[in-house]
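In: sequence plus predicted model, see below.
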Amino acid sequence: MQSILRERLFLFGLVVGLIVGLLIGWVIWPVHYTNAYPADLRHSDKVDYILLISREFQRTGDWEALQRRLSTFPKDTLPDLFVEARKKYAGQTEYTDALDTTWKFIQEHGNLSTKTETGPQTQPSAPGQPETKKQGGHKWLYILGLLLALAVIGLALYRLYQWMNMEKDSYPQPMSRNLETESYPPPEPAPWHSPVSSPVEEEALVVEEEEEEDEEPPFEVEERGEPVSVAPEHRPETIPTDGKPPAVDTSFQPPEAPSLRLVETFYPVFMLEAQQEQAFDVAYTIYETLPDGSEENLGECGLSEAESYQGQVGRPTVMEVWLFDKHDPVSPVQAFILSPRAYAQADIRQKYEAKGKVIQAKPSATIRLRTYALYLEAEIKDVAFAQLGQEDEVFNKLALEMKVYRQISPQKRG
């Protein structure tokens, strides 16, 4: 069960962390670059940058792009950079021609803006070009991004709430978990006797009731076979007062009780010597083979460490048997196996009785758990206790046989 809870917490943390991270990184606190302008490059890199933009200008003639690229350089440094670039590439005519053309164009048109403390400013338009309007789209982009992030967060939280707190009405009501008080078939009502019948008639009625009871088959479970169903006898809810037995409505078809079909059998074993300071937690996936050969995942079950001796992980005093049903919104359900010493302590026993069924660890003790579609029967096959703490307190070995059945109902539910 701990693996299921960890999976849910992991998915919840992943979704919330991703949303919060994107919200902070894109809207609330976006990334701002510093010292990332061309004028902040090393001196040798500035010379190469001057050559690159000069060649690009010679090829495209884009004056606005040239202004934008040189806007971060102080005007008094540009002549020296062009001179150094021409000296560095003096032997390559293609490069020197590009540098000469660009510098000549800059001298003729000039009007380059320089970098300020807050970064590059809006560049003036080239001669003969209309001025570009200041872009104000970033403000709306931030607002739209914030609204979108809030909508995604709200939707994610709503879906998570639905997932973790499903309405019980969306599924049929799960069956009772108190299996000790359940029995199949349900107990029959007392035989009906006419208040005015004679002793002979009463004796005949009693004999007739006994014959009917003998004909009822007991409730059975067939392992990997055809399911067996037992239905309670239909009886009238009211007793007539005319002295005659009630007429039986032969048109009534009583509903059939659910039956069980064995699906999987697991054998979890805990050994103290095999634990290395880590909590014991073993889980099994429950599959059922369908008639077409495919497998259906019905859920999970397992054995976990619920409480350890003096907080020392890997030395359990209480073990947990749990069952998770994919078709039951209120699962998983669990029961607890307590060592004799833990079972004798009322506070520990009451603590776990509030969570599920509690039994004392002893051979042949059985735990039964039921969900909407699954039924688990776990029997203790072997149990031993370590020479640690007080007598019979810490498990040294615990071996179980866990049989998982699927509950088959002739009437489709949900």
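Out: Noted; the coordinates are in hand.

In: ok, the residue nearest to L51 when sequence neighbours are not counted - contacts?
Out: Leaving aside its chain neighbours, L51 sits nearest to A85 (5.1 Å; criterion: CB to CB, 6 or more residues apart in numbering). (C-beta placed from N, C-alpha, C; glycine too.) With contact taken as CB atoms under 8 Å, 6 or more residues apart in numbering, A85 is in contact with 47-48, 50-51, 54, 95, 99.

In: contact partners of the helix or strand hosting S54?
Out: Here S54, judged by DSSP states H and E, is contained in helix 43-60. Under the criterion CB under 8 Å, 6+ apart, residues 38-39, 41, 62-63, 65-66, 69-70, 73, 81-82, 84-85, 88-89, 95, 97-99, 101-103, 105 lie in contact with helix 43-60.

In: now the residues you listed: which count as buried?
Out: Buried residues within these, counting neighbours by 16 or more other CB atoms under 10 Å: 38-39, 63, 66, 69-70, 73, 81-82, 85, 88-89, 95, 98-99, 102-103, 105.

In: out of the residues you listed, list just those in helices.
Out: 63, 66, 69-70, 81-82, 85, 88, 95, 98-99, 102-103, 105 (DSSP state H).

In: V263 and I50: what is the separation?
Out: From V263 across to I50, the span is 77 Å (CB to CB, to the nearest Å).

In: which of those two has more neighbours?
Out: I50 (25 against 19; other CB atoms under 10 Å).

In: pLDDT score for that one?
Out: Listed pLDDT for I50 reads 89.

In: equivalent analysis for I408, please.
Out: The model's pLDDT for I408 equals 81.

In: what is the neighbour count of it?
Out: I408 has 15 nearby residues by other CB under 10 Å.

In: hmm, it is touching L260, no?
Out: Yes: counting by CB atoms under 8 Å, I408 does reach L260; the two are 7.1 Å apart.

In: pick out the most distant pair among the ones in helices among the buried ones among the contacts of helix 43-60.
Out: With CB to CB as the measure, no two of those lie farther apart than W63 and K88, at 24.9 Å.

In: re earlier: kindly reformat the ones in helices among the buried ones among the contacts of helix 43-60 as a markdown table containing pLDDT and distance to G145.
Out: Below are these laid out as a markdown table (pLDDT from 0 to 100; distance: CB to CB, whole Å):
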| residue | pLDDT | distance to G145 |
| --- | --- | --- |
| W63 | 85 | 34 |
| L66 | 86 | 33 |
| R69 | 86 | 29 |
| L70 | 86 | 33 |
| L81 | 88 | 39 |
| F82 | 88 | 42 |
| A85 | 87 | 42 |
| K88 | 88 | 45 |
| Y95 | 88 | 44 |
| A98 | 87 | 42 |
| L99 | 87 | 43 |
| T102 | 86 | 39 |
| W103 | 87 | 43 |
| F105 | 85 | 41 |
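
In: for F324, state which of these is nearest.
Out: R69 (62.5 Å).

In: in its sheet, what does whatever helix or strand E320 lives in sit against?
Out: Assigned by DSSP H and E, E320 belongs to strand 316-325. Applying DSSP bridges, strand 316-325 is found paired with strand 295-308 (antiparallel), strand 333-338 (antiparallel).

In: most packed of these?
Out: Ranked by mean neighbour count, the strands paired with strand 316-325 are led by strand 333-338 with a mean of 23 (mean count of other CB atoms under 10 Å).

In: beyond it, next helix or strand please.
Out: helix 340-344.

In: tell me the buried residues in the helix or strand following that next one?
Out: Counting by DSSP H and E, the next helix or strand C-terminal to helix 340-344 is helix 346-353. Residues 348-349, 351-352 are the ones in helix 346-353 that count as buried (16+ other CB under 10 Å).

In: which one of the residues you listed is nearest to A335?
Out: Using CB to CB, the buried residues of helix 346-353 come closest to A335 at Y352, 8.8 Å.

In: just give the nearest non-adjacent residue to that closest one, would you?
Out: Spatial nearest neighbour of Y352, excluding adjacent residues (CB to CB, 6+ apart): F336 at 4.3 Å.

In: one more: L298?
Out: I286 (4.5 Å).

In: which SS state does the one you found fall under?
Out: Secondary structure state of I286, per DSSP: H, G, I helix; E, B strand; the rest coil, is strand.

In: for it, name its beta-bridge partners.
Out: The partner residues for I286, given DSSP bridges, come to G299.

In: just checking, it touches Y405?
Out: No: the pair I286 and Y405 fails to qualify as a contact (CB under 8 Å) at a distance of 10.1 Å.

In: common neighbours of the two, please.
Out: Shared contacts of I286 and Y405 (CB under 8 Å, 6+ apart): 263, 374.
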